[in-house]
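Q: heads up, no residue letters with this:
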């Protein structure tokens, strides 16, 4: 991942369609009102997972749709509840990425899906916590993230980087305890 790609994650608006309305999330933000409304719908944690453009490499529309169908099939096989959830980039040089807003999913399962579908990261939300980014392979990106934490001019980007560096990947913890 490049600096520009990480910045794009930070500027992306993540959108879920649920209960007849559009919910909008950004990395590093916490919205107590949304938390309360989601909790009233029985949702205390969520992830936006996509199968589009694995490893941040552009794929054709047909490849992306096939990958999305496989993701939906996997969610249904696992018995997970989901709603449409997309990533809307701030710039016009990357397409909206179709995905799934997965209800009440653990960070470990979200990361399993991230890795299974070749994604760099997954967006995770939990009641009372800012929306955050969890990497499928944090160590592969640690050098870039530490550099951004120390030098990036935007406070929002530095805050998102710090949340990534301070949030352990649960699968890595599980693997090291085996």
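A: Good, I have the coordinates. Just so it is clear, the model here is predicted, and its values are computed rather than measured. Residues are numbered from 1 along each chain as shown.
Q: report the buried residues of stretch 35-52.
A: 35, 38, 43, 45-52 (16 or more other Cβ atoms under 10 Å). Glycine gets a C-beta too; all of them are placed from N, C-alpha and C.
Q: would JSON lines of those residues with distance to residue 16, pLDDT and secondary structure be doable?
A: Shown next, in JSON lines, are those (distance: Cβ to Cβ, whole Å; pLDDT from 0 to 100; DSSP: H, G, I helix; E, B strand; the rest coil):
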{"residue": "35", "distance to residue 16": "13", "pLDDT": "91", "secondary structure": "helix"}
{"residue": "38", "distance to residue 16": "9", "pLDDT": "94", "secondary structure": "helix"}
{"residue": "43", "distance to residue 16": "10", "pLDDT": "96", "secondary structure": "coil"}
{"residue": "45", "distance to residue 16": "13", "pLDDT": "95", "secondary structure": "strand"}
{"residue": "46", "distance to residue 16": "7", "pLDDT": "96", "secondary structure": "strand"}
{"residue": "47", "distance to residue 16": "10", "pLDDT": "97", "secondary structure": "strand"}
{"residue": "48", "distance to residue 16": "7", "pLDDT": "97", "secondary structure": "strand"}
{"residue": "49", "distance to residue 16": "11", "pLDDT": "97", "secondary structure": "strand"}
{"residue": "50", "distance to residue 16": "12", "pLDDT": "97", "secondary structure": "strand"}
{"residue": "51", "distance to residue 16": "16", "pLDDT": "97", "secondary structure": "coil"}
{"residue": "52", "distance to residue 16": "16", "pLDDT": "96", "secondary structure": "coil"}
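Q: now do the strands in this structure.
A: For the chain, the strands defined by DSSP state E occupy 13-18, 21-25, 45-50, 82-88, 99-103, 121-126, 132-135.
Q: the ones you listed into JSON lines, with extra columns for distance to residue 74?
A: Formatted as JSON lines, those follow (distance: least, Cβ to Cβ, whole Å):
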{"stretch": "strand 13-18", "distance to residue 74": "18"}
{"stretch": "strand 21-25", "distance to residue 74": "22"}
{"stretch": "strand 45-50", "distance to residue 74": "9"}
{"stretch": "strand 82-88", "distance to residue 74": "10"}
{"stretch": "strand 99-103", "distance to residue 74": "10"}
{"stretch": "strand 121-126", "distance to residue 74": "14"}
{"stretch": "strand 132-135", "distance to residue 74": "18"}
